[in-house]
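Peer 1: I'll drop the sequence and a predicted model, then ask my questions.
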Amino acid sequence: MIIAVDGPTASGKGTIAKRIAAHFGIAYLDTGLLYRAVGRQVAINEGDPDDPADALAACDFPDALMEDENLRTEETGGLASRVSVHPEVRKALFKRQRKFAEQPGGAVLDGRDIGTVIAPDADVKLFITASVQERARRRWLEMIDKGIGTEDEIPLATIERDIVDRDARDINRKDAPLKAAPDALVIDTTSFDREAAFETVLEAVKTALEKR
């Protein structure tokens, strides 16, 4: 069983995907971390994330980098969005993601092109979204909760602009743009808290599996 969970940044797809995997007892992969690792490696190499050659070279990052706490920062997220526009990078990471999806027992993968490119044959495809304003608010609260800064130090408007910029890059890139697969279940979590969002998605997944 393969469950694909796509959606824009800060939509809650990662939290939902991880809980779905735990519920069904199958493996989980946050594919966005792969691109964050590439972006982080570009920075370590003092390269240019907008340069295809520098970005491709960074795909050969050490496995230990996946545990780097810097992968979760806003700065690295921005780098990930920039390196992900390069077809060479997406091709380099495709095999790793596909191998994970095909493992015995099943898997849940979350990202931006799982249902359209990585696992178009997934048993269930989800597209989790929310308004820009709500996604910015969630990210803002998350950063404050993690002690990254205070309310005064982290302007909500700045986070909102960053999300708009990332959405534009992800949606408009030529290779594997962010979009819902034609047969994906689109779920807007703007008005849901975390528990309500998970319960809504879980019921949608169960219903979809029953119809197969």
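Peer 2: Thanks, I have it. Keep in mind that this is a model prediction, so the values were computed, not measured.
Peer 1: List the beta-bridge partners for the residue positioned nearest the centre of the chain.
Peer 2: By CA atoms, centre = their mean, the chain has its centre lying nearest to Gly111, at 3.5 Å. Counting by DSSP bridges, Gly111 is bridged to Asp6.
Peer 1: what's the spacing between it and Met143?
Peer 2: As judged by CB to CB, to the nearest Å, Gly111 and Met143 stand 22 Å apart. Quick note: C-beta positions are derived from backbone N, CA and C, even for glycine.
Peer 1: so how many other residues sit close to Leu141?
Peer 2: Residues within reach of Leu141, counting by other CB atoms under 10 Å, total 13.
Peer 1: And it, how far from His23?
Peer 2: From Leu141 to His23 the distance is 25 Å (CB to CB).
Peer 1: Name all residues that make contact with the nearest residue in space to Ala176 that is not next to it in sequence.
Peer 2: In space, Ala176 comes closest to Asp113 once its chain neighbours are excluded; the distance is 4.1 Å by CB to CB, 6 or more residues apart in numbering. Shown in contact with Asp113 (CB atoms under 8 Å, 6 or more residues apart in numbering): Asp6, Arg90, Ala176, Pro177, Leu178.
Peer 1: Could you give the number of residues near the second one?
Peer 2: Each residue near Arg90 was counted by other CB under 10 Å, and the total is 20.
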